[in-house]
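Enquirer: make a model of this:
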Amino acid sequence: MATAYYTIYFSLYAILMRIWIKSEIHSCTVDFVSEYLNEFFDKDEIELIEDSLKARIDAQYYVDKDVPDELYNKLIAFAHIF
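Expert: Model (predicted):
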């Protein structure tokens, strides 16, 4: 799960670095993409990126929170395409 998220995150990070924007705060990176790069990503992709951040936080920091299998499978497929 974390690997899929980091694949997505570092791809976004690379895009931002390419346009001379350094953002190492994950939520800021996701917010920037949804606010300023939304013409390059459709609404479903942005929503999945936002959900992946939440799922990664739940999976890494909270032992009592589960990531739904449906979201997990979407992230794996999306990261491969991303």
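Enquirer: just want the most central residue of the chain.
Expert: Centroid check for the chain by CA atoms, centre = their mean gives residue 49 as the closest residue, at 3.5 Å.
Enquirer: tell me how far that one lies from residue 64.
Expert: Relative to residue 64, residue 49 is positioned 25 Å away (CB to CB, to the nearest Å). C-beta coordinates here come from the backbone N, C-alpha and C atoms, glycine included.
Enquirer: got it, and residue 25?
Expert: Residue 25 is 25 Å from residue 64, by CB to CB.
Enquirer: can you tell me the average pLDDT over the longest helix along the chain?
Expert: Ordering each helix of the chain by length in residues (DSSP state H) puts helix 43-61 first. Per-residue pLDDT over helix 43-61 has a mean of 90.
Enquirer: avg pLDDT for the helix or strand containing residue 15?
Expert: In this structure, residue 15 sits in helix 2-18 according to DSSP states H and E. On average, the pLDDT along helix 2-18 is 92.
Enquirer: name the helices or strands packed onto it?
Expert: Helices and strands touching helix 2-18, by 3 or more CB pairs under 8 Å, 6 or more residues apart in numbering; DSSP states H and E, are helix 26-36, helix 43-61, helix 69-81.
Enquirer: among those, which comes closest to residue 11?
Expert: helix 69-81 (8.6 Å; CB to CB).
Enquirer: ok, residues contacting that closest one?
Expert: 1, 3-5, 7-8, 45, 48, 51-52, 55 (CB atoms under 8 Å, 6 or more residues apart in numbering).
Enquirer: sorry, back to before: more crowded one of residue 25 and residue 64?
Expert: residue 25 (9 against 5; other CB atoms under 10 Å).
Enquirer: what about residue 6, neighbour count?
Expert: So residue 6, with other CB under 10 Å, has 15 neighbours.
Enquirer: residue 38 too?
Expert: When neighbours are counted by other CB under 10 Å, residue 38 registers 12.
Enquirer: please apply the same query to residue 5.
Expert: 23.
Enquirer: repeat for residue 12
Expert: Around residue 12 there are 20 residues (other CB under 10 Å).
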